[in-house]
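> here are the coordinates; sequence isn't available:
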């Protein structure tokens, strides 16, 4: 079964035969495949990075609690845990805010 992108590319390929009057060469097909793979790479890299971030964050019990806050998904929770790390090293909230640069 073709993905929506593959179907679209196939449609373009088949329509090109009649619109420009000739079939695509093997080189053009190869280049098209390379372009499709290049377009997929950012998604693959993002998924891989998100997976690694989640793996690190799961070491912190606080990560699970942060995820229960409405609007706090893996991305926001990781961004909070990153600068804070072990929250037990702080004596008060002001120290936490200073560590995060007051962003949160």
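Right, received. Where do you want to start? Because the structure is a prediction, the values reported are computed rather than measured. Residues are numbered from 1 along each chain as shown.
> and the most centrally placed residue in the chain, which helix or strand is it part of?
The geometric centre of the chain, computed from its C-alpha atoms, lies nearest to residue 46 (Cα atoms, centre = their mean), at 2.8 Å. Per DSSP states H and E, residue 46 falls inside helix 26-57.
> who's in contact with the residue nearest to the centre of the chain?
Shown in contact with residue 46 (Cβ atoms under 8 Å, 6 or more residues apart in numbering): no residues. Where you see a C-beta, it was placed from the backbone N, CA and C, and this is true even at glycine.
> any idea how far it is from residue 52?
11 Å (Cβ to Cβ, to the nearest Å).
> pLDDT value on the residue nearest to the centre of the chain, please?
What the model reports as pLDDT for residue 46 is 88.
> quick one: it and residue 40, what's the gap?
Distance, residue 46 to residue 40, using Cβ to Cβ: 11 Å.
> now residue 89
42 Å.
> now swap in residue 6 and tell me
Distance from residue 6 to residue 40, counting by Cβ to Cβ: 11 Å.
> where does this structure dip in pLDDT?
Across the chain, the ranges flagged by pLDDT under 70 are 17, 20-24, 100-104.
> now with 80, please.
Low-confidence segments of the chain (pLDDT under 80): 1-2, 13-25, 28-29, 83, 85-87, 97, 99-104.
> tell me which residues of the helix holding residue 46 come out buried.
53, 57 (16 or more other Cβ atoms under 10 Å).
> if we go by neighbour counts, what in the next helix or strand after it is buried?
Next helix or strand after helix 26-57 toward the C-terminus (DSSP H and E): helix 61-67. Within helix 61-67, the residues that qualify as buried are 63, 66, counting by 16+ other Cβ under 10 Å.
> same for helix 61-67, what does it pack against?
Applying 3 or more Cβ pairs under 8 Å, 6 or more residues apart in numbering; DSSP states H and E, we find helix 61-67 packed against helix 74-84.
> roughly how far out does the host helix or strand of residue 13 sit from the chain middle?
Here residue 13 sits within helix 4-19, counting by DSSP H and E. For helix 4-19, the separation from the chain centroid amounts to 28 Å (computed by Cα atoms, centre = their mean, to the nearest Å).
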